[in-house]
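Colleague: quick one: sequence and predicted model below, then my questions.
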Amino acid sequence: MQQVGTAGPQGAAVPSAATLRRWRRHLADERLEGTTYRQLAARRSGEERDILLALAAAEARHAAHWQQLLGTHGPGRGRASLRSLLLAVLARRFGSVFVLALAQRAETRSPYAVDRDATPTMAADEQIHAEVVRGLAERGRARVSGTFRAAVFGANDGLVSNLALVLGVAASGATRATVLLTGLAGLLSGALSMGAGEFISVRSQRELLDASTPGTRHVLAYPHLDVDANELALVYRARGMPADEAKHRADEQLRRLPDVDEQAGPRADDADVVGSGTAAALSSFSFFASGALVPVLPFLVGLSGTAALVVAAVLVGSALLLTGAVVGMLSGAPPLRRAVRQLAVGAGAAAVTYGLGRLFGATLG
């Protein structure tokens with residue numbers, strides 16, 4: 001509920017200090033978000049640029065509302081929220097899909113729906129903005145999904161699997177040299193396996209798409225078809241068209257004798273989403289290796305025993321939190337929740353292998 005102070009000289013209610021701070025924060029947020037959208041627009045062209053500039057204009061209208069409420073009280077030194085500040089910094093440095101994903105979440109969590117000083121139009125604007133930004137972010141997600149998926153999964157697999165391997169071997173009582181050799185062997189074998197597997201997976205997806213894409217060679221047969229039999233209609237019926245529509249389309253094609261079938265050709269959007277097999281393989285190899293290197297680092301710099309294991313666990317835990325937060329940001333989900341989930345899964349796997357290592361070490365010893 002809005003708090004007000006005592007009546008002013010004219011009998012008008014004077015906004016409380018808390019209310020003025022809230023108005024100023026909203027004003028700072030709107031100005032900063034408008035600047036963020038303009039910075040993103042400067043890195044794009046065409047329709048995306050126009051959409052981002054329209055969002056910036058809407059934020060300017062919202063800022064004008066808070067400026068009008070403040071009136072003679074002035075904008076003061078209102079500070080934007082940490083979320084808006086983070087968006088602005090990332091937009092200046094990156095201007096990537098991650099910024100749009102954060103912007104999507106920021107628009108979704110707008111406080112205007114419950115702020116009595118925001119107009120219903122402003123609250124509705126924010127809900128629409130969330131969907132607009134979601135659409136823009138979806139384009140970026142589609143462009144990076146193949147390689148990014150390989151990178152994130154590769155890094156996570158490297159972190160968790162090699163930490164589990166190192167902890168299990170160390171818990172069995174092996175020497176530092178044995179643990180180090182085991183960790184490096186796990187890094188190399190895992191990275192090669194991940195890279196090869198990702199290459200085969202992506203290439204198989206692309207080959208499946210190619211096999212499902214309508215061909216073009218049949219176009220050469222058009223001039224020689226029996227018009228009465230009209231075999232071309234069967235092509236369209238096989239693609240799912242009703243018989244009447246297929247016959248109508250086939251008749252049109254035969255009348256025009258086109259050089260290329262209207263529905264033929266590769267589906268570029270599908271190929272873009274799947275990504276390149278080589279790029280995915282290299283990304284998976286590199287990120288698995290970088291992730292798997294983390295738990296080995298303490299042993300590489302000369303640490304051993306409990307100290308090395310604690311340092312390795314802390315380093316891997318921090319990396320898992322980071323990758324989990326990144327996945328959360330990209331998907332528009334809560335980054336903290338995804339980060340904690342990632343950490344919990346990794347810690348569980350490490351704890352199990354450490355316990356097994358202690359058990360086998362005691363048994364074999």
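Modeller: The structure has been received and is ready for your questions.
Colleague: care to break the chain down by domain?
Modeller: The chain breaks down by automatic domain parsing into domains covering 12-141, 145-210+275-364, 214-265.
Colleague: just name the most buried of these.
Modeller: Ranked by mean neighbour count, the domains of the chain are led by domain 145-210+275-364 with a mean of 19 (mean count of other C-beta atoms under 10 Å). Quick note: C-beta positions are derived from backbone N, CA and C, even for glycine.
Colleague: re earlier: TSV please, covering the domains of the chain and showing mean pLDDT.
Modeller: What follows is the domains of the chain, written out as TSV (pLDDT from 0 to 100):
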stretch	mean pLDDT
domain 12-141	82
domain 145-210+275-364	83
domain 214-265	61
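Colleague: what helices or strands is the strand or helix carrying Ala123 leaning on?
Modeller: Taking DSSP states H and E as the definition, Ala123 sits inside helix 120-171. Applying 3 or more C-beta pairs under 8 Å, 6 or more residues apart in numbering; DSSP states H and E, one finds that helix 120-171 contacts helix 46-70, helix 97-108, helix 176-212, helix 268-274, helix 277-293, helix 305-331, helix 335-364.
Colleague: looking at those helices, which is nearest to Pro15?
Modeller: helix 46-70 (8.0 Å; C-beta to C-beta).
Colleague: chain center to that closest one: distance?
Modeller: Relative to its chain's centre, helix 46-70 lies at 25 Å (C-alpha atoms, centre = their mean, to the nearest Å).
Colleague: ok, now stretch 287-295?
Modeller: How far stretch 287-295 lies from its chain's middle: 21 Å, per C-alpha atoms, centre = their mean.
Colleague: CA atoms only for that stretch - export them in PDB, please.
Modeller: Extracted as PDB, the C-alpha positions of stretch 287-295 are listed here (Å, rounded to 0.1, in the frame of the first residue of the first chain):
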ATOM      1  CA  PHE A 287      34.700 -28.100 -23.200                       C
ATOM      2  CA  PHE A 288      34.900 -31.600 -21.900                       C
ATOM      3  CA  ALA A 289      38.700 -31.300 -21.700                       C
ATOM      4  CA  SER A 290      38.500 -27.900 -20.000                       C
ATOM      5  CA  GLY A 291      35.900 -29.200 -17.500                       C
ATOM      6  CA  ALA A 292      37.900 -32.400 -16.800                       C
ATOM      7  CA  LEU A 293      41.100 -30.400 -16.300                       C
ATOM      8  CA  VAL A 294      39.600 -28.500 -13.300                       C
ATOM      9  CA  PRO A 295      39.600 -31.400 -10.700                       C
END
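Colleague: not counting it itself, show me its contacts.
Modeller: With C-beta atoms under 8 Å, 6 or more residues apart in numbering as the test, stretch 287-295 has contacts from 150-152, 154-159, 161-163, 166-167, 183, 186-188, 190-191, 194-195, 312-313, 315-316, 319.
Colleague: how about 7 Å then?
Modeller: 151, 154-159, 162-163, 166, 183, 186-187, 190-191, 194, 312, 315-316, 319 (C-beta atoms under 7 Å, 6 or more residues apart in numbering).
Colleague: in JSON lines: the helices and strands packed on helix 120-171, plus distance to Leu234.
Modeller: Output for the helices and strands packed on helix 120-171, formatted as JSON lines (distance: least, C-beta to C-beta, whole Å):
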{"stretch": "helix 46-70", "distance to Leu234": "39"}
{"stretch": "helix 97-108", "distance to Leu234": "43"}
{"stretch": "helix 176-212", "distance to Leu234": "18"}
{"stretch": "helix 268-274", "distance to Leu234": "25"}
{"stretch": "helix 277-293", "distance to Leu234": "34"}
{"stretch": "helix 305-331", "distance to Leu234": "43"}
{"stretch": "helix 335-364", "distance to Leu234": "50"}
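Colleague: out of the ones you listed, which is closest to Phe299?
Modeller: Taking the helices and strands packed on helix 120-171 one by one with C-beta to C-beta, helix 176-212 is closest: 4.3 Å.
Colleague: remind me what the closest one packs against, helices and strands.
Modeller: helix 120-171, helix 268-274, helix 277-293, helix 297-300 (3 or more C-beta pairs under 7 Å, 6 or more residues apart in numbering; DSSP states H and E).
Colleague: what's the closest of these to Gln67?
Modeller: Smallest distance to Gln67 across the helices and strands packed on helix 176-212 (C-beta to C-beta): 13.2 Å, for helix 120-171.
Colleague: report the angle between that closest one and helix 335-364.
Modeller: Between helix 120-171 and helix 335-364, the angle comes out at 10 degrees (axes from the mean of the first three to the mean of the last three C-alpha atoms, to 10 degrees).
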